[in-house]
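Q: Sequence first, predicted model second:
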Amino acid sequence: MNRYNLNRIIDDYEKKLLLYSSINNSKELTSLNENYYEVLADIIINENDLPFEYLINRLENYFKYNIDIKEKKLDFKHHQFSLLGSYVYKKLFDKFGIDTFDKYIEIIKKNIFSEIYAWLSIDFDSSFIRDNFLNASVEYIVANQNNAWKEEFENIDYETYRWLKKVDNVPHCFETNEDLYFWLKENEYYENLMMIGNPIIKNLLHQIINWETFNTNLVEKNRIIRLLEECKNDYITIGEILTSNNIKLNCYLLKNNEYSIFGFCNFYMLDRLNIDESYAKEFLELLSQQLLDIVFTHLQNPFYQNDLANKIYFILNFICDKYVNYYDRTHLYGLLYTFELFLKKLLESEIQTSNYQKEEIFSIVIKDLIKKQLLDFEKKENFDKKNYFLLSYYLKGIDRLIKVKNFDGLNYKEKISNSILDNLKKSFSNITNDKRVYIDFLFLKNIDFSLFFNSSKNDGKWLDIFDLNSVINGLNSTDVYIYEHLSKFYLKILFQIYKKTQDKEVEKYINKLIIKLGFEVESSIIRFDDKFEILNEYLELLNLFAKEYFESFVNKLCDSYELRILLQLLSSTILEERKEFINNKLNVMIQKGIESDKLSFNDLKIGMLYAIDNDYLKLANLLEEIFNKKFNTSNNSFMKKFQKEFNEVVCKKDLLEILNDKDLETKEKFVKLNNYKIPIDDKNWGTESKYLKCENFKEFIRALIFFDSGKYDKAYDILNTLCEKELTTNYLINMVNSYFNLHKEDENKVAKFEYILNIFESKQKSFQSYINSIYEYQVLIYGYTITKNISKLSQLIKDMPKQYDMDFDIFKYKYEFFKDNNQEFKAKKYLEEFKNFYINNKKVLKKVKELEEELNSHTRMEMENNFEVKISFDSLTLGLTEAKKYWNLIQNMELDKQSQIFSNKPDSEEFIIYIMEQISSELLERKVNIFRNKEKNDSLEIENIINDWVGSLLNQRMNFLSWKVLPESRGGENLKGNVGERDIIVYDKNDTKLFLFEAFRLFNCDTTTIETHMKKLNGYNANGSKLMIVMVYTYHNDFVQLCSSYEDYLKTFDYNGFDKIGIIKEHCFENIETTPTKIKLLKEVRIQNEKDVVIYHYLLDFYSEINIQDLKFRVLKKDDIKAVVELINKAYREKNPNSWTSEAHLLSGIRVNEDMLNEILKNKNIVTYIALLDEKIVATIQTKLEDKDIHIGLFAVHPDFQSFGVGKKLLAFAEESSKKLWKKSSFVMEVISNRVELRDYYIRRGYQNTNRFIEFPKSSYWSPLTNEELKLLVLRKTID
């Protein structure tokens, strides 16, 4: 592709992105009052150097508004620096021409009190002025480069900027821009760039990026390229350019060979569309294909030939790093699709290596890719998803090259396999040593471990990765969590290897591990595994395992009296002789009498469900009797709560007995069904009602009775209605089967089958492709075979569990599918596997022979549906698949319902208010960062930065519901009638506008500022949003008075475009209660075009008069106890957005009471100190003499005074005082082990991690709220 065509494609790509983004970076130089800004610009320039007092006093009152004089300089209180600076620059340009920039900087520094960088974001109405400013900005940046890279990073105050990711080791330098970019992006350090570097350079660079034309046809060098070339050692500037999300900039980078990969990677992470409609996916796919065409055009360019492997390695690792972290985020469809398409194109793309020859890119770079990847992999101490995924991808590519091109890759395959084995051993060892474990089990399916296994010359190494005896000891110890996850990790790997290889040694070892770790330890992995994932997968695989392993496992179940698991195994077993083996064992149990003492309540409930699933009603009745006896004699409160759930199971059992009673005629079954009384009384519980679920199940049984009697039409009608009431997989698949039977003789049955399958696919989306039982596969394969839907059949066959291949009904359709689609090799292999599986079953082998003869004689079988209706109870717990199903349902709900789920708020409006209150609290937490500097903390940072934070926080919180937050969008109109610039607009997943957000700063009780912003609301609300959020960032020493003045003024103020206050029947401000004391929330309802518009006003108090130097310390007295108890419990147990030390999410109850502190006060070896501010107790800490150590404890800071350095000061005072008192220099303390941020806080105070843990104390005063094991980590410090 030539350069012209490439640029044309990139220009088209840019237009598509800008069309979607609705972002316009350029602004017009317009104002509400040009004369106003002209006058003020003249005063700022002050050509005659007159006193500013004189100049201001000559102005009319209107012009004096919000102008003060500080230190003989002008101090503007409004935020129109950009517009005002634009007029100043324009006037100076008319006089000074090319030297305007330096003169502008000189005047702003000389005459303006505020920081200069706030005056650099100016607008232009002339290309001459713009070019002058941008050219001078480039010269300034080049001449004043940031050189203190490492020091700047290391000096970031991470205690203050807690949302930033801390950088432990900052490199001194980077060899290439790729190294810098990858370091910033992979570690998410690029956000830290906004906190370091020269702020003037930062603002100038922002202007250059926004205003640069990026025209490739211009003769002169682009300003960005010049900065990249001349600021190579200014990593801050280079980093900000290369990691920018600016669309125009990145499209320009895409056009440049040297920088194209940065544009690609930035666009790869661009969150483009967040909706699931098919047209949106098609658009995303189009964007992805276009982006990959662009980047592969560059990769095929001779410019890249010498560095091709490095470029591809960089891209692969970058996009894979994001993929492994976001692979389960279905709303990031564009990112996931782009990643998968890149992998595919890399395997298929060719490059011109000579005039007459092309070669696959992958074959050229694969050896270098493997070498680089293994070097990176060797540095990893734990399981690293990215490296595992990429190494398995490389193996797939090598296998393809070996088959197609006789590629010499066996040595590389073995190297990869050995590296994987070494890392697995290292990972297992580190997990057991560190006692920490996090494994993304869901992601394991994306890594093909069978490729690593098959590439190894010594398969036995894979069966000796961890020390089995150590694991057994661990599962008998108190650290069971570690060893449970370790065992699960290893077994999942072995399961995957076996499914792909059917290796006999792996099969043998899996069964050995299951017996050892399932029956010979206290914490059995088959009884206590989370969601029973290992058990469920093993039971399915048992169908493929040898008879000896199957019978050995069944015997162990019987010996251990695992009745529930035995019944579950019966449900998942395919071979009839194996089912008979289990039935014989169950009959023996029943004859001897069920030992009720060995069965838990859960065993009874789930066991009964599986008994019903296997038509074992006799056993189900026995389990019911045992439950009733236990219930009648038990005082267990949990048991009483359990009763209703069990009654639901009993009800279903009773209804199934009616269905399966062979002694009853059809009419008698209906009579008995009609007379049946549901044993639950919770009709009015809505969707949670067990009665309604049983009522639906009763109708389900009615449909099945009709089905059994051949009345498929009535069965279908009932099931169709049930699917509207309560959509379950049971009802849905049986509805499809009823429809198939109803129309199987119809001459138009293909069209009818297509119709019902389309309905099924539409409804099935609610279950996220949930197909759980063999019956469902049977019905669907039959349907897709009749309709000849090859793609759907292929997908079903691909997704189907391996053991289902051995079901004859599945076999006949799948085998015929292979034969009909010219896949003879697969058909032959499948046939041999099936025959071997049933080698001793003459009945099945006879049916197989008949099927072969029919197909070989080319006699077309008429497929018939002989499947009976099926009731499945397989989904007994909320596993991953079912969780996805419910999550999909929740995502598709209306916002009002989502609000009730995620916040217990009754509707979407209150949900939004709840979210905005949380965001307001977080803004207040960041207030220390909003002050320009510590010496001048009476002025706020530019409000646009705060608005950016609001947008970012909204995105972070609400992205999971696919809300779209559009910051600084242009629309509506301002007071002058020009296009307005709204702060933020928020849309839901359906692109319905939720609310309009507008914000401004307020420094005093000035009504002019309020009036100015309130008058804009109508113009900005062009589409008539019914909900508006107004956020006011206040900085005033009397917040209460300011709020009162604000409310009083607006009570009588008429908004433009709204009904006048006088004609509104009831207009008032409603004060809404908020948790933080620094937030005032007011609600008002205005009328516009006869419709209510609700406006919420958030007033945030950014004023702070805490002076850390005024802190006083003293020893606790008896009179202080009540206040200190309240403070400690508030800091430790109260949910407060201002408190980062709270344990409220971990523990309930109280931390201390007055009796405890009274006892502590009597102990001579304990001294408790308190910190006071204006005579108010704001913090406390306890020191205790313990042998050679001083123990630090009960350390608490009032939430309202956290993050101001109070704790740091008090801790230092307590250490120094107790050291002098007891003549000791060794200090010790404990912190809850999973409170990493607290641990890091103390480490910054000089404490060291001992890696020693003690048990968390138990008490009647508190109880855990989490399933995580709570332990205390011991920290130590020595003060010389």
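A: Cool, got the structure.
Q: what's the distance between stretch 145-158 and the middle of its chain?
A: With C-alpha atoms, centre = their mean, to the nearest Å as the basis, stretch 145-158 stands 30 Å off its chain's centre.
Q: What lies in contact with that stretch?
A: Here stretch 145-158 makes contact (C-beta atoms under 8 Å, 6 or more residues apart in numbering) with 164, 166-167, 170-172, 192, 195-198, 201, 231, 233-237. (C-beta placed from N, C-alpha, C; glycine too.)
Q: Mark which of the residues you listed are buried, thanks.
A: Taking 16 or more other C-beta atoms under 10 Å as the criterion, what is buried in those is 164, 167, 170, 192, 195-198, 201, 231, 234-237.
Q: So among the residues you listed, where is pLDDT lowest?
A: Here the lowest pLDDT out of these sits on residue 164, with 80.
Q: wait, what's in contact with residue 1157?
A: Residues in contact with residue 1157 (C-beta under 8 Å, 6+ apart) are 1116, 1121, 1124-1125, 1168.
Q: Walk me through the domains of the chain.
A: With domains defined by automatic domain parsing, the chain comprises 28-121, 643-702, 774-869, 893-1101, 1114-1278.
Q: Just give the closest residue to residue 493, not the sequence neighbours.
A: Computed as C-beta to C-beta, 6 or more residues apart in numbering, the closest residue to residue 493 that is not its neighbour in sequence is residue 449, at 5.0 Å.
Q: Oops, could you answer that again for residue 265 instead?
A: residue 318 (5.2 Å).
Q: I'd assumed residue 264 was in contact with that neighbour.
A: No - applying C-beta atoms under 8 Å, one finds residue 318 not in contact with residue 264, separated by 9.1 Å.
Q: Which parts of stretch 678-686 count as buried, going by neighbours?
A: In stretch 678-686, counting by 16+ other C-beta under 10 Å, buried: 678-680.
Q: Which ones among the residues you listed lie within helices?
A: Judged by DSSP state H, helices contain none of the buried residues of stretch 678-686.
Q: Dump those residues to JSON lines, plus pLDDT.
A: Listed next are the buried residues of stretch 678-686 as JSON lines, based on pLDDT from 0 to 100:
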{"residue": "678", "pLDDT": "91"}
{"residue": "679", "pLDDT": "87"}
{"residue": "680", "pLDDT": "86"}
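Q: so which of the domains of the chain comes closest to residue 510?
A: domain 774-869 (14.0 Å; C-beta to C-beta).
Q: Can you tell me how far residue 710 is from residue 723?
A: Per C-beta to C-beta, to the nearest Å, residue 710 is found 22 Å from residue 723.
Q: who has more neighbours, these two?
A: Between residue 710 and residue 723, counting by other C-beta atoms under 10 Å, residue 723 is the more crowded of the two (18 against 11).
Q: Please tell me I have it right and that one contacts residue 731.
A: Yes - Residue 723 is in contact with residue 731 according to C-beta under 8 Å; the separation is 5.2 Å.
Q: wait, what's in contact with residue 966?
A: Residue 966 neighbours (C-beta under 8 Å, 6+ apart): 22, 984-987.
Q: give me the low-pLDDT residue ranges for the stretch 801-950 of the chain?
A: 855-889, 903-904, 925-945 (pLDDT under 70).
Q: which residues in it form helices?
A: Assigned by DSSP state H, counting those that start in this stretch, the helices in the stretch 801-950 of the chain fall at 808-820, 824-837, 842-856, 880-891, 895-903, 908-925, 927-930, 943-958.
Q: how many neighbours does the residue nearest to residue 493 have?
A: 22.
Q: Distance check, it against residue 513.
A: 16 Å.
Q: before we move on, the earlier item: in a markdown table, list the helices of the stretch 801-950 of the chain along with distance to residue 465 and mean neighbour count.
A: Putting the helices of the stretch 801-950 of the chain into a markdown table (distance: least, C-beta to C-beta, whole Å; neighbours: other C-beta atoms under 10 Å) gives the following:
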| stretch | distance to residue 465 | mean neighbour count |
| --- | --- | --- |
| helix 808-820 | 34 | 20 |
| helix 824-837 | 29 | 14 |
| helix 842-856 | 38 | 13 |
| helix 880-891 | 25 | 15 |
| helix 895-903 | 42 | 16 |
| helix 908-925 | 44 | 20 |
| helix 927-930 | 48 | 19 |
| helix 943-958 | 39 | 18 |
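Q: Appreciated, that's everything.
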